[in-house]
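*Asks:* Sequence and predicted structure are below.
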Amino acid sequence: MASIKINDYISWTGVHDEMLRRFDIVMETAEGTTYNAYIIKGKDKTVLIDGSKTGFGEQWLANIREVTPIEDIDLVVIQHSEPDHASAFNVLLDIKPDLEFYGSTLALANLKEIVNRPINAHVIKPGETYDLGGLTLKFLITPNVHWPDTIMTYVPELKVLFSCDFLGEHYSFESLYHSKLKSKKTYDHYFKHYYDSIMAPMARFVNLALNQLKPLEIDMVLPSHGPVLDTKEAVNYALRKYSEWSVIPKNEVPQVVIAYCSNYGYTKAIAETMYQSIVETGVGVKMYDIIEVPEQKVVKEILAADGFLVGSPTIMADVIRPVYDILNSLPIYLVQGKKASAFGSYGWSGEAVPNLITRLKQLRYKVDDEGLAIRLQANASELEQAKQFALTFVSKLK
Ligand SMILES: Cc1cc2nc3c(=O)[nH]c(=O)nc-3n(C[C@H](O)[C@H](O)[C@H](O)COP(=O)(O)O)c2cc1C
Ligand SMILES: [Fe+2]
Ligand SMILES: [Fe+2]
């Protein structure tokens, strides 16, 4: 697809990657994606917003050339440095080595490590603007949606927001414009899929970015992937959905989740004792046998809880895999700082509990004990130990 003129000032100069079926290793992209880039021409200056991916450089270059000679580009705004938008810049630098890049400190530092040559870099300061002649670029510093170096760019005269990956989606559209899409259902599906895969782990930062966008009047959103939101209705829909999805619930009463696996019922008996003792404190508690309950459900409950107790027997000198699968499905940014610990029955070497504790600490949970490991079947005094362990655990919940 060639370049597309959006209005008198802005053109889309992105590329389609319609065959892409997997993004960032784990995200399925059934209908490909686009790497959107835009040229804005003011009376005095011409700016390129964002780049492209290795392998797509020549096509991207051809699209830009339909709008402007490369030599006439005054600056490039690099809104984040993820290689899907930053790995093709050498094709521009080969033509114009002194091209000036505007971005956050980290984006520019990362870019140098991608293009592996010196660049003319300008670090954007908070509140900084750039005058294109009749049009202003207002830079919004919006870290962690989804990379730490992310910024967005707002043009007040046109009421348009270049939103980086925020509000984007992986969908190699047949029409650039949301208003012209054949299926809004398809758009909505990929919009949610993108949020869930890319933005949901950063929910706290999504909220902060949304707060920065609140005072702005936005008629059009130009994201770095997927269709342009060209109606007020589409813009409001997208912002509303992000607001809904990024709510981080606060529990009135502290909530604990106990999740475990158990072969002969010994780890289960420890879990049940802990569960019972927590019930009696009035703290909310839910217990799941990981094998019996869908993984997504358990993960959802763990993410909503304030405290997490995870149990596994030691099997072949380690934690049993379904328990690791749960732990590996917890995004660090959504659990860090919460309280957690581990328990389990073992036969002779007992690696599971210390390994769980290590993993919980890697997830940045607050762990301030060594967990509770009990050899084979817990006797009465060991069950009492489990009870006290659980009571101490809940007493430290905020
Ligand atoms: C296949 C298998 C491998 C095991 N490997 C270990 C091990 O490496 N180290 C250990 O301490 N216990 C090991 N055990 C013993 C279990 O940890 C022990 O039986 C424990 O009490 C089981 O608790 P559960 O009833 O909650 O499953 C193993 C048990 C099985 C069945
Ligand atoms: Fe990205
Ligand atoms: Fe991206």
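*Replies:* Received the coordinates, thanks. Ligands and ions are numbered 1, 2, ... in the order given.
*Asks:* so who does Asp131 touch?
*Replies:* When contacts are counted by Cβ atoms under 8 Å, 6 or more residues apart in numbering, Asp131 is found next to Gly42, Asp44, Lys45. No exception for glycine: its C-beta is placed from N, CA and C like everyone else's.
*Asks:* Could I have the ChimeraX command that selects the buried members from those?
*Replies:* When burial is assessed using 16 or more other Cβ atoms under 10 Å, the buried subset of the contacts of Asp131 is captured in ChimeraX by this command:
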select :42,45
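*Asks:* how about the contacts of Asp131 in CSV, adding pLDDT?
*Replies:* As requested, the contacts of Asp131 are arranged in CSV below (pLDDT from 0 to 100):
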residue, pLDDT
Gly42, 98
Asp44, 98
Lys45, 98
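*Asks:* among the contacts of Asp131, which are in strands?
*Replies:* Here DSSP state E is the test, and these give no hits in strands at all.
*Asks:* From the contacts of Asp131, which land in helices?
*Replies:* Using DSSP state H, no member of the contacts of Asp131 falls in helices.
*Asks:* With distance to ligand 3 as added columns, please give the contacts of Asp131 in TSV.
*Replies:* Below are the contacts of Asp131 laid out as TSV (distance: Cβ to the ion, whole Å):
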residue	distance to ligand 3
Gly42	26
Asp44	30
Lys45	25
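*Asks:* Now render the contacts of Asp131 as TSV, adding distance to Asn251.
*Replies:* What follows is these, written out as TSV (distance: Cβ to Cβ, whole Å):
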residue	distance to Asn251
Gly42	50
Asp44	54
Lys45	51
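*Asks:* Could you find the closest non-adjacent residue to whichever residue of the stretch 51-200 of the chain sits closest to ligand 1?
*Replies:* Nearest to ligand 1, among the residues of the stretch 51-200 of the chain, is Ala200, at 32.5 Å (Cβ to the nearest ligand atom). In this structure, Ala200 finds its nearest non-sequential neighbour in Trp245, 6.9 Å apart by Cβ to Cβ, 6 or more residues apart in numbering.
*Asks:* can you pull the contacts of that neighbour?
*Replies:* If you count contacts by Cβ under 8 Å, 6+ apart, Trp245 has them with Lys192, Tyr195, Met199, Ala200, Ala203, Val206.
*Asks:* Next, it: phi, psi?
*Replies:* For Trp245, the backbone dihedrals are phi -70, psi -30 (criterion: degrees, to the nearest 10).
*Asks:* 32 is where my numbering starts, stick with that
*Replies:* Understood, numbering begins at 32; the last thing we discussed is Trp276.
*Asks:* show me where the stretch 82-231 of the chain has helices.
*Replies:* Secondary structure of the stretch 82-231 of the chain, counting by DSSP state H, counting those that start in this stretch: helices at 88-98, 114-117, 121-126, 136-146, 215-225.
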